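J.: For reference, the sequence and a predicted model appear below.
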Amino acid sequence: AQSVAQPEDQVNVAEGNPLTVKCTYSVSGNPYLFWYVQYPNRGLQFLLKYITGDNLVKGSYGFEAEFNKSQTSFHLKKPSALVSDSALYFCAVNSYGQNFVFGPGTRLSVLP
Amino acid sequence: DVKVTQSSRYLVKRTGEKVFLECVQDMDHENMFWYRQDPGLGLRLIYFSYDVKMKEKGDIPEGYSVSREKKERFSLILESASTNQTSMYLCASILDRGEGGNQPQHFGDGTRLSIL
């Protein structure tokens, strides 16, 4: 069975500092990995995905994520956080013929 | 750009009522999904549909049913609402699962449902 863990409920970071939101996964077969962001009272917005190829993928709003197969991780990163990045972030995994499985979410707070 | 529209942003109903949540997508997507979102639990799949009149149970289908009479519309039905169904409900669509699920889902803005 597929599963996703986001070990931190909350991440606090000062504006201008780098941020990392962690995600680990378990899947049989090759994983497809996704990050979504949710702003208050809105649906989920797609940020980036890893399917195959380069382990570092770049996405919207300056975010990037690094796929690490040996550690089964897909951490979301940004070099310099903005207050407007404050939101709820979800990691999701999929594989061929399966449905998406979402992590519990990590609330990111960027402090001015 | 794909647009997924959920008919209500906020809804308040009473225990025992039959509740309909509507979702429409405008990009001719084959696959549609209903999730509920609860704090600390992430998104849990209730039902999905890969074609008109087709439906499949997700992880938590009990107390829910769905209807897909037209390709663009996917309805979630709470047959007899209960207080433990108070939640945020999200609809999503994706073009085709045939590529193995390597495409992102497109989400509506959600319906926050309160059952009193």
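T.: Nice, I can see it.

J.: CA atoms for contacts and neighbours, from now on please.
T.: Fine.

J.: near chain B, which residues of chain A?
T.: By the rule CA under 8 Å from any CA of the partner chain, the part of chain A lying against chain B is A:9, A:32, A:34, A:41-46, A:49, A:51, A:90, A:94-105.

J.: Mind checking which of the residues you listed are buried?
T.: A:32, A:34, A:43-46, A:49, A:51, A:90, A:94-96, A:99-105 (16 or more other CA atoms under 10 Å in any protein chain shown).

J.: Strands - which of the residues you listed land there?
T.: A:32, A:34, A:44-46, A:49, A:90, A:94, A:101-102 (DSSP state E).

J.: In a markdown table, list those along with pLDDT.
T.: Below are these laid out as a markdown table (pLDDT from 0 to 100):
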| residue | pLDDT |
| --- | --- |
| A:Tyr32 | 91 |
| A:Phe34 | 95 |
| A:Leu44 | 94 |
| A:Gln45 | 95 |
| A:Phe46 | 94 |
| A:Lys49 | 94 |
| A:Phe90 | 97 |
| A:Asn94 | 87 |
| A:Val101 | 92 |
| A:Phe102 | 94 |
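
J.: residue ranges for the strands of chain B, please.
T.: Going by DSSP E, chain B shows strands at B:4-6, B:10-13, B:19-25, B:31-38, B:42-49, B:56-57, B:64-70, B:73-78, B:87-94, B:106-107, B:111-115.

J.: my read: A:Pro112 touches A:Val13, true?
T.: No. Applying CA atoms under 8 Å, one finds A:Pro112 not in contact with A:Val13, separated by 9.1 Å.

J.: So which of the two has more stuff around it?
T.: Comparing A:Pro112 with A:Val13 by other CA atoms under 10 Å in any protein chain shown, the one with more neighbours is A:Val13, at 19 against 10.
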